[in-house]
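**Q** Predicted structure and sequence below. I'll ask about it afterward.
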Amino acid sequence: MKSATTTSDQATDLEDRSVHNWRVSQLARLGVPGHLAEAYADEIDWHQIARLVQRGCSPTMALLIVG
């Protein structure tokens, strides 16, 4: 039988992974290459990237500016 702590930790890990995957998809939708989206997903605010891209900045340049 698993302890409540283990189950809680697993739920937290699953939630963290889900949030990470969502951030990766948002960055990819903006045109950030997959490997960079994966690497930066938890390090930057994707909203800042989106604002720069919407103003004409390339996704890669936006990562350099924000990151």
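**A** Noted; the coordinates are in hand.

**Q** Could you tell me which residues make contact with the residue positioned nearest the centre of the chain?
**A** Residue closest to the average C-alpha location in the chain (CA atoms, centre = their mean): Ala41, at 2.5 Å. Listed by CB atoms under 8 Å, 6 or more residues apart in numbering, the contact partners of Ala41 are His20, Arg23, Val24, Leu27. No exception for glycine: its C-beta is placed from N, CA and C like everyone else's.

**Q** Same check on Ala37?
**A** Ala37 touches Arg23, Val24, Ser25, Leu27, Ala28, counting by CB under 8 Å, 6+ apart.

**Q** Please name the nearest non-neighbouring residue to it.
**A** Leaving aside its chain neighbours, Ala37 sits nearest to Leu27 (3.7 Å; criterion: CB to CB, 6 or more residues apart in numbering).

**Q** Near that neighbour, how many other residues are there?
**A** Per other CB atoms under 10 Å, the neighbour tally for Leu27 reads 26.

**Q** and the host helix or strand of it, average pLDDT?
**A** Using DSSP states H and E, the element containing Leu27 is helix 4-29. Summarised as a single mean, pLDDT over helix 4-29 is 89.

**Q** Could you pull out the buried residues of the helix or strand following that helix?
**A** Sequence-wise, the next helix or strand downstream of helix 4-29 (DSSP H and E) is helix 34-40. Within helix 34-40, the residues that qualify as buried by neighbour count (16 or more other CB atoms under 10 Å) are Leu36, Ala37, Glu38, Ala39, Tyr40.

**Q** what's the distance between Asp42 and Pro59?
**A** 17 Å (CB to CB, to the nearest Å).

**Q** more crowded one of the two?
**A** Taking other CB under 10 Å, Asp42 and Pro59 do not tie; Pro59 has more neighbours (19 against 11).

**Q** Contacts only, for that one.
**A** Counted by CB under 8 Å, 6+ apart, Pro59 has contacts Leu27, Leu30, Gly31, Val32, Pro33, Ile49, Val53.
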